[in-house]
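Trainee: have a look at this fold, sequence not included:
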């Protein structure tokens, strides 16, 4: 029988009633002839409660014990989901990460999946079990300890299972009904996409669209797992969601698939840095050590051996970044006249595989923003993306204008 | 280094603050030179919450899934306790049942311990770990699934670890400061015992003193584990608790160690049963099948081929017992004239190893009750125990009178 993976996030299993609703969807797919692997998160709020206890107990906690505590929420949901399915006469059982086994490395609290043993579950499918309910987000280390995959790890678990079992599809049930051309709370014309290419989804995920975890999309792309995002709340019939798939599977594409935004950005500029080989390493090394997530980097043209270096990072990391730069200056590792911080900026990006073959997309973006009177502070580009840093107060305006300019309300 | 087992029940780990208090006690024993195995229960209330979810989801639940869900509470406490100890610079780590491994049979929700693998924990002790924090109440079945040992299973876990590791002592921390000569809420003169023999504790435990689970005392007796019951709330200095140990280890003993009581008893009498070989089996077989916990049994002298058969059971099982008896009568398996139920009785017992060598203990008990005007309805005896069934309204009076008569307020 073909295998389907279905993943239910925390809000989709937040109560016994919601677990029942989710189980009904699983039952439909079983009736459709699938053997189903269900990946569950902890009930909404549970993981935060457990994390809170760990942090209160030990601010600099042993990540192995963090994992032992935090993974328990998924075990509860997995057992309850299996019981609910059994009540519906669907043969089901729960699996904890170590029982599968889902092998990870030893990077506790952010472990990477190394291998999924398919033998045990396959054997049970052979004996008539129709649903394997797997506790998401967790695995077992080479030392035999429980590991967790980091936040959003249940998405990654689901995709990894779909790859290991050659599943026909991996359905991610969440509290939104798909991937949109942009945030519907900002642009009312935002349209749900029927399909989106892996590469586009990757850019959107890392640009702040919180529908899917970046790692899960990477994994799906690498193994060609067809990923579907859909709501666990709507009616089943009109709930096709969004399919994340290979470019080739999408017949008609817009040049731009979507507009992403990221609100809490800060721009920092080191004025008049002594420009010499290795200066970038001298700046960004200390920043990385200080845990600053540097995003965009721009270096102005050098004049008379000095240059301005601009970078962006999340707003709440500016203090750490300033301290790291002052310390490096005092240690004589870098030299600059001044450090200017602008913590009222936002990032707006357009993403689309079609850009590869269409010239003038970036130019159209810049012209659109100019027409709205929005000043661009920093630009970065990739093959399928253009990002700009602008004043935060213009963010909504920019998103709406770009959505209109590229006619994203119309299907490709 | 010598090994000590310390077990903390649900109220002793009910909050992060209480976990810290418990961890301090562990730290003291580590400083005393022990390697410590700590057995923890779930935080008070957690197991009930999980059991409630399972029952609501599936009234006739799959016990394997029940175990998967219900065992999670202990995993949380074990991790938090390990973190707390680490914060105190005590090298500690948590162990789940399958990691130890603690092997059980497959009787889910009430599994029996079959073997405890000591190799992993011993190795870690060898590497400098000082405390192994073990999630109580759980193990792993031959099929690799999580099992639980049934209510009170954490006491049993603790004793089993003490036996497997040859621990010097097994300390059970709870919300009372030891074993008393009787319930202090009933007899203000009740005295805490410094020592009590296994056999006496077993009788007291099964007679309704809720300090220790019966199975754990049986296990301690079989393996000669010195068991100490003490409070996790009092000051450490004046908290010696009660030591449960072999008779030989107790220098001076009272003839009677304690007075136990059990409030919610019912007495049922089958009037004029046809007395023939096998009649007892014909009566108590159906009662056992109906899940009635028959306690005392008395058969009157038979006259002209008919007899009266009296037995006791918990009050809330009388209806089930009546139905079973009427059904057996209708099926022609037994024959009786009438079934009389008295559900307002209580059981009062005196327990003491000294009875073996002292005559007249039972007679003194009966005389004491007679002097108080308490009528005795049923009597049963064992080598070290005399139990009587009396009207429930006299229960407190009987306990106090017996406590006085045997001078239990005085140490032996």
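Mentor: The structure has been received and is ready for your questions. Because the structure is predicted, anything quoted here is derived from the model rather than measured.

Trainee: give me phi/psi at residue A:114?
Mentor: phi -110, psi -40 (degrees, to the nearest 10).

Trainee: what is the neighbour count of the closest residue to it other than its chain neighbours?
Mentor: Once flanking residues are discounted, residue A:114 sits nearest to residue A:103: 4.7 Å by Cβ to Cβ, 6 or more residues apart in numbering or on different chains. The way it works is simple: take the backbone N, C-alpha and C, and place the C-beta from them, glycine included. A count of nearby residues for residue A:103, using other Cβ atoms under 10 Å in any protein chain shown, gives 18.

Trainee: how about residues contacting the helix or strand containing residue A:103?
Mentor: According to DSSP states H and E, residue A:103 maps onto strand A:102-104. Judged by Cβ atoms under 8 Å, 6 or more residues apart in numbering or on different chains, the contacts made with strand A:102-104 from elsewhere in the structure are A:111-117, A:134, A:138-142, A:147, A:149, A:157, A:160.

Trainee: now find how far off-centre that strand is within its chain.
Mentor: Strand A:102-104 sits 21 Å away from the centroid of its parent chain (Cα atoms, centre = their mean, to the nearest Å).

Trainee: looking at the contacts of strand A:102-104, which are in strands?
Mentor: If you go by DSSP state E, these have A:113, A:114, A:115, A:116, A:134, A:138, A:139, A:140, A:147 in strands.

Trainee: write a ChimeraX command that selects only the buried members of those residues.
Mentor: Buried members of these, defined by 16 or more other Cβ atoms under 10 Å in any protein chain shown, are picked up in ChimeraX with:
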select /A:113,116,134,138,139,140,147
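
Trainee: which of the ones in strands among the contacts of strand A:102-104 sit farthest apart?
Mentor: Across those, the two members that end up farthest from each other (Cβ to Cβ) are A:114 and A:134, 16.4 Å apart.

Trainee: for chain A, what spans make up the helices?
Mentor: Counting by DSSP state H, chain A has these helices, from start to end: A:16-31, A:46-57, A:63-70, A:72-87, A:119-126, A:153-164, A:198-206, A:214-223, A:279-289, A:318-330, A:361-371, A:395-405.

Trainee: ranked by average pLDDT, which of these falls at the bottom?
Mentor: The stretch with the lowest mean pLDDT among these is helix A:198-206, at a mean of 86.

Trainee: gap between the two ends of stretch A:211-227?
Mentor: From the first residue to the last, stretch A:211-227 extends over 12 Å; the measure is Cα to Cα, to the nearest Å.

Trainee: and residue A:57, how many residues sit next to it?
Mentor: Quick note: residue A:57 (other Cβ under 10 Å) scores 23 neighbours.

Trainee: might one say that it is in contact with residue B:84?
Mentor: Yes. Taking contacts as Cβ atoms under 8 Å, residue A:57 lies within contact range of residue B:84: 5.5 Å.

Trainee: give the residues shared as contacts by those two.
Mentor: Here residue A:57 and residue B:84 have B:16, B:19 as joint contacts, going by Cβ under 8 Å, 6+ apart.

Trainee: show me which residues of the stretch 51-200 of chain A are close to chain B?
Mentor: Residues of the stretch 51-200 of chain A lying near chain B by Cβ under 8 Å from any Cβ of the partner chain: A:53-54, A:56-58, A:61-62, A:64-66, A:68-69, A:71-73, A:75-76, A:78-80, A:82-84, A:86-87, A:93-94, A:96, A:98-99, A:144-146.

Trainee: which stretches in the stretch 251-400 of chain A count as strands?
Mentor: All strands of the stretch 251-400 of chain A, identified by DSSP state E, counting those that start in this stretch, fall at A:258-274, A:297-299, A:306-314, A:338-351, A:376-382, A:385-391.

Trainee: contacting residues around the closest residue to chain B within the stretch 151-300 of chain A?
Mentor: Distances between the stretch 151-300 of chain A and chain B by Cβ to the nearest Cβ are smallest at residue A:154, namely 16.5 Å. The neighbours of residue A:154, taking Cβ under 8 Å, 6+ apart as the test, are A:7, A:9, A:39, A:40, A:41, A:74, A:136, A:137.

Trainee: about what we covered before: okay, the helices of chain A in JSON lines with distance to residue B:217 next?
Mentor: Compiled in JSON lines, the helices of chain A are given as follows (distance: least, Cβ to Cβ, whole Å):
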{"stretch": "helix A:16-31", "distance to residue B:217": "38"}
{"stretch": "helix A:46-57", "distance to residue B:217": "33"}
{"stretch": "helix A:63-70", "distance to residue B:217": "30"}
{"stretch": "helix A:72-87", "distance to residue B:217": "30"}
{"stretch": "helix A:119-126", "distance to residue B:217": "39"}
{"stretch": "helix A:153-164", "distance to residue B:217": "44"}
{"stretch": "helix A:198-206", "distance to residue B:217": "58"}
{"stretch": "helix A:214-223", "distance to residue B:217": "52"}
{"stretch": "helix A:279-289", "distance to residue B:217": "58"}
{"stretch": "helix A:318-330", "distance to residue B:217": "58"}
{"stretch": "helix A:361-371", "distance to residue B:217": "77"}
{"stretch": "helix A:395-405", "distance to residue B:217": "69"}
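
Trainee: residue B:317 is nearest to which of the ones you listed?
Mentor: Go through the helices of chain A one by one with Cβ to Cβ and the one that ends up closest to residue B:317 is helix A:72-87, at 27.5 Å.

Trainee: ok now the closest one, how far from the chain's centre?
Mentor: Between the centre of helix A:72-87 and the centre of its host chain there is 26 Å, according to Cα atoms, centre = their mean.

Trainee: list the helices and strands that helix packs on?
Mentor: The criterion is 3 or more Cβ pairs under 8 Å, 6 or more residues apart in numbering or on different chains; DSSP states H and E, and the helices and strands that helix A:72-87 contacts are helix A:16-31, strand A:35-40, helix A:46-57, strand A:92-95, strand A:131-135, helix B:46-57, helix B:63-70, helix B:72-87.

Trainee: and these as a markdown table, adding distance to residue A:258?
Mentor: Converted to a markdown table, these look like this (distance: least, Cβ to Cβ, whole Å):
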| stretch | distance to residue A:258 |
| --- | --- |
| helix A:16-31 | 27 |
| strand A:35-40 | 26 |
| helix A:46-57 | 29 |
| strand A:92-95 | 36 |
| strand A:131-135 | 31 |
| helix B:46-57 | 40 |
| helix B:63-70 | 40 |
| helix B:72-87 | 40 |
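
Trainee: out of the ones you listed, flag the one nearest residue A:218.
Mentor: Taking Cβ to Cβ, strand A:35-40 is the member of these nearest to residue A:218, at 17.2 Å.

Trainee: who does the closest one pair with, and is each partner parallel or antiparallel?
Mentor: Taking DSSP bridges as the criterion, strand A:35-40 sits next to strand A:3-8 (parallel), strand A:131-135 (parallel) in its sheet.

Trainee: circling back: residue A:383: which of the helices of chain A is closest?
Mentor: Nearest of these (Cβ to Cβ): helix A:198-206, 8.4 Å.

Trainee: now do that closest one: which elements does it pack against?
Mentor: On a contact count with 3+ Cβ pairs under 8 Å, 6+ apart, helix A:198-206 meets helix A:214-223, strand A:242-245, strand A:258-274, strand A:338-351.

Trainee: okay, these, which one's buried deepest?
Mentor: Comparing the helices and strands packed on helix A:198-206 on average neighbours per residue, with mean count of other Cβ atoms under 10 Å in any protein chain shown, the densest one is strand A:242-245 at a mean of 24.

Trainee: that strand - what's its average pLDDT?
Mentor: Over the span of strand A:242-245, the pLDDT mean works out to 94.
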